[in-house]
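J.: Need coordinates for the below:
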Amino acid sequence: MTVDRQIEREAQPEGLFVEFGLALKRQAAGKAIAVTLVNGDAQGYIVTRDAVQAGRYETNNCVFAPESGDLMVQAALHSIAELQEA
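T.: Below you'll find the predicted structure:
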């Protein structure tokens, strides 16, 4: 969602590990990004590969593959680019 031409709001399902929000902000250089979570009835986290390998918090019960977070970041960047063209 474009709030105005300078601010983008990106809603993501589940609880994204912070690394994904930071990656989105870094890769969307020059844009103000607000990452929000829309959890609803879904539960769990979108975890990083590093977190899984290290056995960190919430990695033993996640329902999404670790690569899901990277795919969500890329989809969000694509969405932001499309909205900027509109």
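J.: I figured I33 was touching L24, is that so?
T.: Yes. I33 lies in contact with L24 (Cβ atoms under 8 Å); the separation is 5.9 Å. (C-beta placed from N, C-alpha, C; glycine too.)
J.: Which one's more surrounded, those two?
T.: Neighbour comparison, I33 and L24: the larger count goes to L24, with 23 against 19 (by other Cβ atoms under 10 Å).
J.: Next SSE downstream of the host helix or strand of that one?
T.: Using DSSP states H and E, L24 sits in helix 18-27. Following helix 18-27 in sequence order, the next helix or strand is strand 32-38 (DSSP H and E).
J.: and the next helix or strand after that following strand, what other elements does it pack with?
T.: Next along the chain after strand 32-38, taking DSSP H and E as the criterion, comes strand 45-46. For strand 45-46, the elements it packs on are strand 15-16, helix 67-85, judged by 3 or more Cβ pairs under 8 Å, 6 or more residues apart in numbering; DSSP states H and E.
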